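Colleague: with the input below, show me the fold.
(one chain, ligands or ions: 1)
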Amino acid sequence: MLEVRDLALAVPGRLLCADLNVRFQAGEVWGILGANGAGKTTLLHALAGLRAPDGGEVRWAGQPLAAIPRRRLAQERAVLLQDETELFWGTALDWVCLGRYPHGGTFGDPHEMHHARAALAQVGAAQLAGRNMATLSGGERQRVRLAMVLAQQARALLLDEPLKHLDLAAQFTLLERLSSLARRDLRLLVMVLHDVYWVSRYCDKVLLVFGDGRVLHGDCLAVLTQENMESVYGCALQPVEAAAGRLFLPTAGAPSRHRG
Ligand SMILES: Nc1ncnc2c1ncn2[C@@H]1O[C@H](COP(=O)(O)OP(=O)(O)OP(=O)(O)O)[C@@H](O)[C@H]1O
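Modeller: Okay, here's the model as predicted:
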């Protein structure tokens, strides 16, 4: 579905990713983890075709992303950005309708409105439809932003910090819905997350971004080890096995690889 070949990503003075080769399949749920500034957003943008690679390529269904017309790409993959800076003039429903733009419907068309309202309901935000976006709380706004992504009905969902501003129950409900959507409808779900527990609980696979060019990827249980986590975050961590996943509690002291 989505394939990364020999990918290299760099910013001035630093290599974020080198020689990365990954195949993302329909129905899989992936997490991207790493410290602040490690390169998670940069990697997600490269996967989405929003940023050109500095080496190698990203392919969608066998075609280089750069060769796919933008409207078709927008029908195939939806992206949740970490932030939008501009103020929006309209209501929550107007915002979600923007997600229908790649499908070519007329803005305000009843059919499009139906999709937009359904997407708002999916994230528990039906009651916000008529509210001006500028008046929403952080969590309410995040739900509406997620609804726009869902309204796009794309086969791949690439989400940068989808849990931002959401309360604990909303995080759980959203991850339940998104992961079952991916598995049931064979969509690809890739999420930048900061909570290792949610990754181990809901993701099949993980990309661990070290910030020095290394990106480790594979099954969650194999990659989310104490050694890898301490290396990524640069602090001592105590692994805790929970019923549905693995979490890491920060502890005082140096990371274990430096002890003794
Ligand atoms: N256009 C740019 N010019 C210079 N440096 C940049 C540019 N874009 C990103 N960077 C730097 O690249 C690094 C990776 O940024 P990125 O946004 O991918 O990190 P991240 O892992 O998503 O971080 P966070 O967890 O804080 O959101 C950061 O140090 C950032 O300052």
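
Colleague: next one, pLDDT for Gly253 please.
Modeller: Predicted confidence (pLDDT) for Gly253: 73.

Colleague: what about it, how many neighbours?
Modeller: Gly253: 10 surrounding residues under other C-beta atoms under 10 Å. All C-beta spots, glycine's among them, are computed from the backbone N, C-alpha and C.

Colleague: what number of residues lie near the closest residue to it other than its chain neighbours?
Modeller: Leaving aside its sequence neighbours, Gly253 sits nearest to Ala236 (C-beta to C-beta, 6 or more residues apart in numbering; 4.5 Å). By other C-beta under 10 Å, the residues close to Ala236 number 19.

Colleague: is Ala236 in contact with Leu249, as I believe?
Modeller: No: taking C-beta atoms under 8 Å as the definition, Ala236 is not a contact partner of Leu249, at 9.6 Å.

Colleague: if we can go back for a sec, quick check, pLDDT for the residue nearest to Gly253.
Modeller: 94.

Colleague: now do the contacts for it.
Modeller: Applying C-beta atoms under 8 Å, 6 or more residues apart in numbering, one finds that Ala236 lies in contact with 230, 250-256.

Colleague: which one of those sits in the busiest neighbourhood?
Modeller: Within the contacts of Ala236, most neighbours by other C-beta under 10 Å means Glu230, with 20 neighbours.

Colleague: across the sheet, point out what pairs with His217.
Modeller: Applying DSSP bridges to His217 gives these bridge partners: Leu207.

Colleague: burial count for it?
Modeller: For His217, the neighbour count with other C-beta under 10 Å is 18.

Colleague: cool, and Glu241?
Modeller: Taking other C-beta under 10 Å as the criterion, the count of residues near Glu241 is 8.

Colleague: also Leu87?
Modeller: 7.

Colleague: likewise for Val240?
Modeller: 11.

Colleague: same question for Thr91.
Modeller: Thr91, neighbours per other C-beta under 10 Å, totals 19.

Colleague: for Ala169, same thing?
Modeller: 9.
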